[in-house]
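A.B. asks: show me the folded form of this:
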Amino acid sequence: MTAETEGGGEQESRAGFVALAGAPNAGKSTLLNQLVGTKVSIVSPKVQTTRARVVGIALEGAVQIAFVDTPGIFRPKRRLEKAMVDAAWGGVADADLTVLLIDAERGLNSNVREILAGLDKLGRRIWVVLNKIDLVRKDSLLAMTAELGRTGFVDEVFMVSALTGDGVADLREALARAMPPGPWLYPEDQVSEMPERLLASEITREKLFLRLHQELPYALTVETENWTERPDGSVRIDQVIYVAREGHRAIVLGHGGQTIRQIGRMAREELSELLGRPVHLFTFVKVREKWLDDPARYREMGLDFPRG
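C.D. replies: Got it, this is the predicted structure:
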């Protein structure tokens with residue numbers, strides 16, 4: 001199997017899955033968007049922004065790399081957290097290569113050491129990416145690299161700034177060389193496997209995270225209930241924001257509905273740009289007290305429902 005490169009020549013095609021794993025807020029989604037070259041995963045300063053596996057697809061010469069952005073790994077306490085962490089470990093188990101992303105500013109803290117122990121237990125050989133290197137002294141980076149090398153199962157260590165893109169091209173080229181020979185897994189022009197309805201929900205959830213800051217209710221989810229194509233080429237999208245308490249509904253709505261209108265405007269503008277056509281977005285906020293115990297809500301998020 002061969003693939004035609006930009007230079008017109010033919011090379012043996014390669015393809016594979018690369019799992020991006022790490023602690024919450026290590027920068028996995030930002031790195032994924034840099035590796036793919038466009039936004040395929042939402043980003044916010046809040047922990048646990050990524051709830052389910054997100055696949056972003058990049059081409060590097062004759063190589064197609066499917067990057068799997070996984071939720072942050074930590075000790076889960078609630079059902080939703082357990083579903084997220086289970087999804088992260090599932091993404092690692094299914095990948096051809098695992099990249100552990102570490103926030104270099106936080107260093108090898110207890111959370112990172114627990115993840116390293118879990119990967120060792122799985123018998124996975126891994127690559128490590130130290131992120132946010134522009135914020136850390138060089139001697140600290142070298143000390144971390146040496147300690148990672150002593151684990152015995154870290155094959156490569158890269159240093160990047162996912163925010164600025166520094167070092168990302170070298171990482172993508174190295175990953176491409178490590179992919180196994182084989183036909184491409186997705187059409188050449190596909191950059192994500194996320195359905196547009198789910199993407200729309202994720203964009204609105206991102207704006208909620210960014211707008212509400214410390215007021216953000218943890219028990220909040222967004223579902224796209226209706227998607228209507230219009231004759232003029234535009235699309236009408238109806239979404240429901242589920243919250244667990246009446247007080248959370250008041251927070252999302254804001255005084256006189258001001259907050260939800262601002263969130264809707266931000267989401268509509270980004271969706272119009274991503275979809276390349278006008279979007280008419282309508283958002284409704286509903287209270288559903290026990291949605292965190294409803295398997296249907298987990299299916300909408302792309303998560304397995306943890307029993308027990």
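
A.B. asks: what about the stretch 1-150 of the chain, any weak spots by pLDDT?
C.D. replies: The model of the stretch 1-150 of the chain has pLDDT under 70 over residues 1-9, 47.

A.B. asks: break down it into its helices, ranges please.
C.D. replies: Taking DSSP state H, counting those that start in this stretch, the helices of the stretch 1-150 of the chain run over residues 28-36, 79-94, 110-122, 138-149.

A.B. asks: closest to residue 241 out of those helices?
C.D. replies: helix 79-94 (15.7 Å; CB to CB). The way it works is simple: take the backbone N, C-alpha and C, and place the C-beta from them, glycine included.

A.B. asks: okay, buried residues for that closest one please.
C.D. replies: 80, 81, 82, 83, 84, 85, 86, 87, 88, 89, 91, 92 (16 or more other CB atoms under 10 Å).

A.B. asks: also stretch 233-249?
C.D. replies: 235, 237, 239, 240, 241, 242, 243, 244, 248, 249.

A.B. asks: before we move on, what about stretch 159-177?
C.D. replies: Within stretch 159-177, the residues scored as buried using 16+ other CB under 10 Å are 159, 160, 161, 162, 167, 168, 171, 172, 175, 176.

A.B. asks: could I get those residues as TSV with distance to residue 150 and secondary structure?
C.D. replies: Below are these laid out as TSV (distance: CB to CB, whole Å; DSSP: H, G, I helix; E, B strand; the rest coil):
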residue	distance to residue 150	secondary structure
159	18	strand
160	22	coil
161	25	strand
162	25	coil
167	23	coil
168	26	helix
171	22	helix
172	27	helix
175	24	helix
176	28	helix
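
A.B. asks: greatest separation within those: which pair is it?
C.D. replies: Going by CB to CB, the pair spanning those furthest: 161 and 176, at 20.3 Å.

A.B. asks: quick one, domains of this structure?
C.D. replies: 14-178, 196-301 (the TED database).

A.B. asks: out of the ones you listed, deepest packed?
C.D. replies: Scoring the domains of the chain by mean neighbour count under mean count of other CB atoms under 10 Å gives domain 14-178 as the most buried, with a mean of 19.

A.B. asks: name the secondary structure element that contains residue 241.
C.D. replies: In this assignment (DSSP states H and E), residue 241 forms part of strand 235-243.

A.B. asks: one more: residue 208?
C.D. replies: Going by DSSP H and E, residue 208 is part of helix 196-212.

A.B. asks: ok so, going back, dump the buried residues of stretch 233-249 into JSON lines; add distance to residue 32 and pLDDT as well.
C.D. replies: Converted to JSON lines, those look like this (distance: CB to CB, whole Å; pLDDT from 0 to 100):
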{"residue": "235", "distance to residue 32": "25", "pLDDT": "97"}
{"residue": "237", "distance to residue 32": "24", "pLDDT": "98"}
{"residue": "239", "distance to residue 32": "24", "pLDDT": "97"}
{"residue": "240", "distance to residue 32": "27", "pLDDT": "96"}
{"residue": "241", "distance to residue 32": "25", "pLDDT": "95"}
{"residue": "242", "distance to residue 32": "26", "pLDDT": "93"}
{"residue": "243", "distance to residue 32": "28", "pLDDT": "92"}
{"residue": "244", "distance to residue 32": "29", "pLDDT": "88"}
{"residue": "248", "distance to residue 32": "29", "pLDDT": "90"}
{"residue": "249", "distance to residue 32": "32", "pLDDT": "92"}
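
A.B. asks: rewinding a little: paired strands for the strand holding residue 241, with orientation please.
C.D. replies: strand 220-229 (antiparallel), strand 279-287 (parallel) (DSSP bridges).

A.B. asks: between helix 196-212 and the shortest one, find me the angle.
C.D. replies: Right, the one you point to is strand 279-287. For strand 279-287 against helix 196-212, the angle by axes from the mean of the first three to the mean of the last three CA atoms, to 10 degrees is 70 degrees.

A.B. asks: hey, C-alpha coordinates of strand 279-287 in PDB?
C.D. replies: Backbone C-alpha positions of strand 279-287 (Å, rounded to 0.1, in the frame of the first residue of the first chain) are rendered in PDB as follows:
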ATOM      1  CA  VAL A 279     -26.000  29.000  12.400                       C
ATOM      2  CA  HIS A 280     -29.200  29.700  14.300                       C
ATOM      3  CA  LEU A 281     -28.500  28.400  17.800                       C
ATOM      4  CA  PHE A 282     -31.200  28.100  20.400                       C
ATOM      5  CA  THR A 283     -30.300  27.000  23.900                       C
ATOM      6  CA  PHE A 284     -32.600  26.000  26.800                       C
ATOM      7  CA  VAL A 285     -31.600  25.300  30.400                       C
ATOM      8  CA  LYS A 286     -33.400  22.500  32.200                       C
ATOM      9  CA  VAL A 287     -33.100  21.000  35.600                       C
END
